[in-house]
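Peer 1: how does the following fold in three dimensions:
(chains A and B)
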Amino acid sequence: MSSRLIMGTGGARSLEALEQALIASGAELATVALRRVDPTAKGSIIDVLERAGCRLLPNTAGCYTAADAVTTAKLARDAFETDWVKLEVIGDDKTLLPDPVGLLDAAEELVDDGFIVLAYTNDDPILAKRLEGLGCAAVMPLGSPIGSGMGIRNTYNLTLIVEQTSVPVILDAGVGTASDAAIAMELGCDGVLLASAVTRAQQPATMAMAMRKAVEAGRLARVAGRIPRRLYAEASTPDEGLPEL
Amino acid sequence: MKVTINGTTEEVAEGLSVADAVKRAGHEGAAFGVAVALNGEVVPRSTWTGAHLSEGDQIEVLVAAQGG
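Peer 2: Below is the predicted model:
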């Protein structure tokens, strides 16, 4: 995959709007949840993802216990014929922050069962280290709570996580606008996963395009090697050849 | 016999197969993208026609939905 932007599909006003946003985002991977069949629903999100050129990444959204998350992952593996899973074990329905204990338990069990686990976690470097140690394929720290749009609340912690982690680090949750995604990439994240910032924007397809460019720009800036921050100026124009006037 | 399909308790024929319960839940057509949990356990797609429900069973028929 060449895109470093992963799209979540939650929050879109319609499947049509979602499809346009997915295409504009250039994402090649998109998450879906598992929910009861709705006989009245029109259209298929699987078809939308296929037309948009996105591989499907099932997630365990809505799971508050390790047991539920593990069962959901197994159901998804059967339904979608993939070992990949974005693991979410939520601790609190107001903040949707991860439950670290349930998360570690579920991650351990799923990795043992052959899943490729991308673990949605908080910004605690120790928890990230534990998840990597269990064999998670990627660590996905939040910038701020899901859907909050507050961007990256703790850039220091995110920097620590990037520094210490050998598997991909993907910022996941809290992105509000394009600059948040760019900053994540500048800090060294390998990718960004976002949903609400695009699906709930006033113009989702336009925001999706912005996010695409932001992730690309942030990555280029990281690779290019930025100048350090200085307390004082460093002249960019040499004094040599200054006339005496 | 009474079973619960996607949260709704219904009267169904004895020995209803999981495959038929999936249709009853409202999903017709290809099985890709559909998962079934019977009393909390995954029922693999390949076993749907051979698996049968018993009195009091709770079955969840799930598909991909926006989320994540």
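Peer 1: in stretch B:57-64, which residues are buried?
Peer 2: Using 16 or more other C-beta atoms under 10 Å in any protein chain shown as the test for burial, stretch B:57-64 gives B:57, B:59, B:60, B:61, B:62, B:63, B:64. C-beta here means a position set from N, CA and C on the backbone, and glycine is covered the same way.
Peer 1: meant to ask about stretch A:100-118, not that
Peer 2: Per 16+ other C-beta under 10 Å, stretch A:100-118 contains these buried residues: A:100, A:102-111, A:115-118.
Peer 1: out of those residues, which is nearest to chain B?
Peer 2: residue A:118 (10.7 Å; C-beta to the nearest C-beta).
Peer 1: can you tell me the SS state at the closest one?
Peer 2: strand (DSSP: H, G, I helix; E, B strand; the rest coil).
Peer 1: check what pLDDT it gets.
Peer 2: Looking at residue A:118, its pLDDT is 98.
Peer 1: tell me the contacts of the residue nearest to it when sequence neighbours are not counted?
Peer 2: Excluding its sequence neighbours, the residue lying closest to residue A:118 (C-beta to C-beta, 6 or more residues apart in numbering or on different chains) is residue A:138, at 4.3 Å. Residues in contact with residue A:138 (C-beta atoms under 8 Å, 6 or more residues apart in numbering or on different chains) are A:117, A:118, A:119, A:167, A:168, A:169, A:170, A:190.
Peer 1: can you pull out the strands in chain B?
Peer 2: Using DSSP state E, the strands of chain B run over B:2-5, B:8-11, B:34-38, B:41-42, B:58-66.
Peer 1: out of those strands, nearest to residue A:74?
Peer 2: strand B:41-42 (4.7 Å; C-beta to C-beta).
Peer 1: give me the contacts around the closest one.
Peer 2: So strand B:41-42 is contacted by A:71, A:74, A:75, A:78, B:35, B:36 (C-beta under 8 Å, 6+ apart).
Peer 1: run me through the strand neighbours of that strand, direction for each.
Peer 2: strand B:34-38 (antiparallel) (DSSP bridges).
Peer 1: how far away from the center of its chain is the strand it pairs with?
Peer 2: Strand B:34-38 sits 6 Å away from the centroid of its parent chain (C-alpha atoms, centre = their mean, to the nearest Å).
Peer 1: just want the angle from that strand to strand B:58-66.
Peer 2: Strand B:34-38 and strand B:58-66 meet at an angle of 150 degrees, taking axes from the mean of the first three to the mean of the last three C-alpha atoms, to 10 degrees as the criterion.
Peer 1: export the contacts of strand B:41-42 to JSON lines and tack on distance to residue B:6, pLDDT and neighbour count?
Peer 2: Below are the contacts of strand B:41-42 laid out as JSON lines (distance: C-beta to C-beta, whole Å; pLDDT from 0 to 100; neighbours: other C-beta atoms under 10 Å in any protein chain shown):
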{"residue": "A:71", "distance to residue B:6": "16", "pLDDT": "98", "neighbour count": "21"}
{"residue": "A:74", "distance to residue B:6": "18", "pLDDT": "98", "neighbour count": "20"}
{"residue": "A:75", "distance to residue B:6": "13", "pLDDT": "98", "neighbour count": "23"}
{"residue": "A:78", "distance to residue B:6": "17", "pLDDT": "97", "neighbour count": "19"}
{"residue": "B:35", "distance to residue B:6": "12", "pLDDT": "96", "neighbour count": "26"}
{"residue": "B:36", "distance to residue B:6": "10", "pLDDT": "97", "neighbour count": "26"}
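Peer 1: would you list those residues in TSV and tack on distance to residue A:7?
Peer 2: Listed next are those as TSV, based on distance: C-beta to C-beta, whole Å:
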residue	distance to residue A:7
A:71	25
A:74	24
A:75	22
A:78	24
B:35	22
B:36	27
